[in-house]
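*Asks:* Below: sequence and its predicted model.
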Amino acid sequence: MAIFSLFSSSFIHPQLLHIAAKMTLLDTFLFYVVHVVDKLGIWHRLPVLLGLAYLGIRRHLHQRYNLLHVGGISGRKYSTEEFSYRTADGTCNHPGDDTIGSQGTFFGRNMPPATSRYGLLEPHPTIVASKLLGRKKFIDNGKQFNMVACSWIQFMIHDWIDHLEDTQQVELRAPDEFSSGCPSKSFKFFETKKVSTGSPNLKIGSLNTRTPWWDGSVIYGNNKEGMRRVRTFKEGKLKITQEGLLQHDEKGVPISGDVRNCWAGFSLLQALFVKEHNAVCDMLKVHYPDLDDEQLYRHARLVTSAVIAKVHTIDWTVELLKTDTLLAGMRINWYGFMGKKFKDLFGHILGAVLSGLVGLRQPKDHGVPYSLTEEFVSVYRMHSLLPDNFELRDIKSSSTAEDKCPPILEQVPMRDLVGIDGEKRLSTIGMEQMLVSMGHQSCGEVTLWNYPSWMRNLVAHDINGEDRPDPVDMATLEIYRDRERGVARYNEFRRNLLMIPVSKWEDLTDDEEVVEALHEVYGDDVEKLDLLVGLHAEKKIKGFAISETAFFIFLLLASRRLEADRFFTTNFNTKTYTEKGLEWVNETETLKDVIDRHFPEMTRKWMRCSSAFSVWDSMPTPANYIPLYLRPTP
Ligand code: HEM
């Protein structure tokens, strides 16, 4: 121990010493290992196996020190046999407590609330947004990530998280000397509702109006009423139009699990997965003719939610973090180190590392009841993925080039594709033309000065998908939200994640223009830097579309969404899913597989690349004959 403390005070970054001091001996040692690698800045340049070892250790440390429960625990037991399906409001998933992960429970935390002394308006959110976030010129993501990928993550966000608002409206006014330089001089919005937790540690928290489980609530709804709205109550199916798009109510609001702040691309993915659900119902009906409407619905929901989770894990994330180490890591999360063939042959026989998180005998929550967290919400603030215009393609044109890229027909302002107007527009465009167009357009890069201009004066929706009277400046609001919810600012956030904090702007970025702008807004005070700005300014790892800081939250929670869920662990079996249902999940690997099922000609005709999330006319991922685990330094 004495050697440790001698070593630590000279070696460990002084601002991390207090965190290391709370760890067990073994964890302190593991932390040293991670810290050495961080100091050298090399984990992403290590050969695959070493990179995986680093991530494994890091994830272990985060599981031990970055999961904080907020609120009480009901402790009510229930029969897991009786509730062997995903309930409408997310209750009855945790085996020992019926309410964990249900609609309206608290957001957890990955770290204590911010301790910084800065006020809510310091520096003013409008100044931060205008000087550092507002788009100067659209910066795209190259060929790596397209508009399907951008819509996909919104589709997932609307499955997992949304904060309950207060009824109290507040007004944010740009400082007088600055107001001429910003799109809205002032705007009104509802505060986040602060709720007493009844617990002595974290006294105040906020509530998640969506079910945080990976349960497809984005298409099934977050409670019984939502579920009733979307179901036909015939053969287990969900409502959909003849044309394969969402149905609408008398006001023009789509009928779907979540309709807030929707746009045409998001609504298209909802419709695609309603089609998937209905196709699963058809398949089940053929193989199990005795199943009634309710049974078909329940099984099809389990299967479709698992397909969504799998596509996200081994397709979307792999494109987001395009490196061999992450390709291996994400596949290990689903199939285990031994891989798909081994798991198909022998089943889940070897534990989490070798056989994957999916199919574990018991869900694992590392002693902290499952929820998604405030910090998770903050790192997913990625509105800069959205462009200003949507490029509608002409898929009937005969002049399609060799590269399968149809010509652009029209630049449609994104604003026209949002909400009820967006739904009307989508119904004239149709599913196929929209999807092919999304496939061919690169989305925005998550970087400074790339926040969509149209979102700085946005008509936001209420929870029912109806327009609110007061438009908001989203870039400003997002800075305010993180502060209002007590999310740590960038440097404190990094320290809490066991990362080396920055001590000057040049540690964050090589871009002199950015350094100058940061200096103008925050002076020399790196502690003041807002999380959102830091995440957008940070130098990126080659192949990563997001920052490393955001990634470490993903590393923890992407695994947790699978391993803490009874329906991806204990109940991921033929009894709960049916044999054919489980086969359906197992045979679906990518979003391309889902698209091929419903549009058999589409990808053959229009897609050249390997994943439906990269720009469709890009080259397929080249074959690499070195086995994945043996690949050397990139
Ligand atoms: C046209 C598309 C979109 C629109 C109109 C939209 C609009 C909004 C609005 C109005 C809010 C609530 C702001 C507040 O009151 O705090 C919000 C929250 C959020 N959005 Fe979007 N958004 C879109 C796409 C996306 C995308 C692509 C992402 C990518 C990850 C995303 C991530 C989030 C997150 C993480 C939140 C915070 C949720 C919470 O506070 O619990 N959104 N969005």
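*Replies:* That came in fine, so what should we check first? Small disclaimer: the values here were computed from a predicted structure and weren't measured.
*Asks:* Just the buried residues of the longest strand anywhere in the chain, please?
*Replies:* Counting residues, the longest strand found in the chain (DSSP state E) is strand 165-173. By neighbour count on 16 or more other Cβ atoms under 10 Å, the buried set for strand 165-173 is Glu165, Leu172. Every C-beta, even on glycine, is put in place using the N, C-alpha and C of the backbone.
*Asks:* average pLDDT across that strand?
*Replies:* Average pLDDT, strand 165-173: 94.
*Asks:* Can you list the buried residues in stretch 195-207?
*Replies:* By neighbour count on 16+ other Cβ under 10 Å, the buried set for stretch 195-207 is Val195, Thr197, Leu202, Gly205, Ser206, Leu207.
*Asks:* One more: stretch 526-539?
*Replies:* So, applying 16+ other Cβ under 10 Å, buried residues of stretch 526-539: Val526, Lys528, Leu529, Asp530, Leu531, Leu532, Val533, Gly534, Leu535, His536, Ala537, Glu538.
*Asks:* Can you report how many residues lie near Ser184?
*Replies:* Other residues lying near Ser184 total 19 when counted by other Cβ atoms under 10 Å.
*Asks:* oh, I was asking about Ala88
*Replies:* The burial count for Ala88: 21, using other Cβ under 10 Å.
*Asks:* How about the contacts made by it?
*Replies:* Counting by Cβ atoms under 8 Å, 6 or more residues apart in numbering, Ala88 touches Tyr220, Gly221, Asn222, Asn223, Lys224, Gly226, Met227.
*Asks:* The buried residues of stretch 526-539 in helices, which ones?
*Replies:* Taking DSSP state H, the ones among the buried residues of stretch 526-539 that sit in helices are Leu531, Leu532, Val533, Gly534, Leu535, His536, Ala537.
*Asks:* related to what we said a few turns ago, now narrow the buried residues of stretch 195-207 to whatever sits close to the ligand.
*Replies:* The overlap between the buried residues of stretch 195-207 and the neighbours of the ligand (Cβ under 6 Å from any ligand atom) is empty.
*Asks:* of all those residues, which two lie farthest apart?
*Replies:* Leu202 and Leu207 (13.4 Å; Cβ to Cβ).
*Asks:* Can you tell me which of the contacts of Ala88 are buried?
*Replies:* Burial by neighbour count, judged by 16+ other Cβ under 10 Å, picks out Tyr220, Gly221, Asn222, Asn223, Gly226, Met227 from those.
*Asks:* Generate CSV for the residues you listed, with secondary structure and distance to the ligand as supplementary columns.
*Replies:* Formatted as CSV, these follow (DSSP: H, G, I helix; E, B strand; the rest coil; distance: Cβ to the nearest ligand atom, whole Å):
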residue, secondary structure, distance to the ligand
Tyr220, helix, 19
Gly221, coil, 17
Asn222, coil, 13
Asn223, coil, 17
Gly226, helix, 17
Met227, helix, 21
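*Asks:* Spell out which two among these are the most distant pair, please.
*Replies:* Using Cβ to Cβ for every pair in the buried ones among the contacts of Ala88, the one that comes out farthest apart is Tyr220 and Asn223, at 10.1 Å.
*Asks:* Export only the CA atoms of stretch 574-593, formatted as CSV.
*Replies:* Backbone C-alpha positions of stretch 574-593 (Å, rounded to 0.1, in the frame of the first residue of the first chain) are rendered in CSV as follows:
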residue,chain,number,x,y,z
THR,A,574,-37.3,-20.0,-26.8
LYS,A,575,-39.9,-20.3,-24.1
THR,A,576,-40.3,-16.5,-23.9
TYR,A,577,-39.6,-15.5,-27.5
THR,A,578,-40.8,-18.8,-29.2
GLU,A,579,-38.3,-20.8,-31.2
LYS,A,580,-39.1,-19.1,-34.5
GLY,A,581,-39.0,-15.7,-32.8
LEU,A,582,-35.5,-16.3,-31.5
GLU,A,583,-34.5,-17.6,-34.9
TRP,A,584,-35.7,-14.3,-36.4
VAL,A,585,-33.5,-12.3,-34.0
ASN,A,586,-30.6,-14.5,-34.6
GLU,A,587,-30.8,-14.3,-38.4
THR,A,588,-31.1,-10.6,-38.5
GLU,A,589,-27.7,-8.9,-38.3
THR,A,590,-28.1,-5.4,-39.7
LEU,A,591,-30.5,-2.7,-40.7
LYS,A,592,-29.9,-3.8,-44.3
ASP,A,593,-31.4,-7.2,-43.5
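*Asks:* Could you list the buried residues of it?
*Replies:* Neighbour counts over stretch 574-593 (16+ other Cβ under 10 Å) mark 576-578, 580-582, 584-585, 588-593 as buried.
*Asks:* Could you do stretch 54-62 as well?
*Replies:* Neighbour count says stretch 54-62 has Tyr54, Leu55, Ile57, Arg58, Arg59, His60, Leu61, His62 buried, by 16+ other Cβ under 10 Å.
*Asks:* can you narrow those to ones near the ligand?
*Replies:* Applying Cβ under 6 Å from any ligand atom to the buried residues of stretch 54-62, none is adjacent to the ligand.
*Asks:* So for the nearest residue to Ile219 once chain neighbours are set aside, what's the pLDDT?
*Replies:* Excluding its sequence neighbours, the residue lying closest to Ile219 (Cβ to Cβ, 6 or more residues apart in numbering) is Gly257, at 4.5 Å. Gly257 carries a pLDDT value of 97.
*Asks:* now do Ala545
*Replies:* pLDDT, Ala545: 97.
*Asks:* Help me confirm that it comes into contact with Asn141.
*Replies:* Yes. Applying Cβ atoms under 8 Å, one finds Ala545 in contact with Asn141, separated by 6.1 Å.
*Asks:* Glu225 - how many residues pack around it?
*Replies:* Glu225 has 10 neighbours, counted by other Cβ under 10 Å.
*Asks:* wait, I meant Val353
*Replies:* Neighbours around Val353, by other Cβ under 10 Å: 13.
*Asks:* In the stretch 101-250 of the chain, where is pLDDT below threshold?
*Replies:* 179-183 (pLDDT under 70).
*Asks:* Pull up the residues of it that are close to the ligand.
*Replies:* Within the stretch 101-250 of the chain, the positions adjacent to the ligand are Cys150, Ile153, Gln154, Ile157, Ile161, Asp162, His163, Phe189 by Cβ under 6 Å from any ligand atom.
*Asks:* Repeat the analysis, applying 5 Å as the threshold.
*Replies:* Ile153, Gln154, Ile157, Ile161, Asp162, His163 (Cβ under 5 Å from any ligand atom).
*Asks:* are any of those buried, and which?
*Replies:* Buried among those by 16+ other Cβ under 10 Å: Ile153, Gln154, Ile157, Ile161, Asp162, His163.
*Asks:* From these, which land in helices?
*Replies:* Per DSSP H, those map to helices at Ile153, Gln154, Ile157.
*Asks:* shouldn't the last one be in contact with Val379?
*Replies:* Right, Ile157. No. Taking contacts as Cβ under 8 Å, Ile157 lies outside contact range of Val379: 11.4 Å.
*Asks:* Could you list every helix and strand in contact with the helix or strand hosting Lys285?
*Replies:* If you go by DSSP states H and E, Lys285 is part of helix 264-287. Contacts defined by 3 or more Cβ pairs under 8 Å, 6 or more residues apart in numbering; DSSP states H and E place helix 264-287 against helix 147-160, helix 217-220, helix 293-311, helix 419-429, helix 431-440, helix 579-587, helix 591-598.
*Asks:* The first one: how far from the chain's middle?
*Replies:* What it means is helix 147-160. Counting by Cα atoms, centre = their mean, to the nearest Å, helix 147-160 is centred 7 Å from the centre of its parent chain.
*Asks:* Who are the packing partners of that helix?
*Replies:* In terms of contacts (3+ Cβ pairs under 8 Å, 6+ apart), helix 147-160 is packed against helix 217-220, helix 264-287, helix 431-440.
*Asks:* swap in the longest one?
*Replies:* Using 3+ Cβ pairs under 8 Å, 6+ apart as the contact criterion, the secondary-structure elements in contact with helix 293-311 are helix 264-287, helix 574-577, helix 579-587, helix 591-598.
*Asks:* Nothing else from me, thank you.
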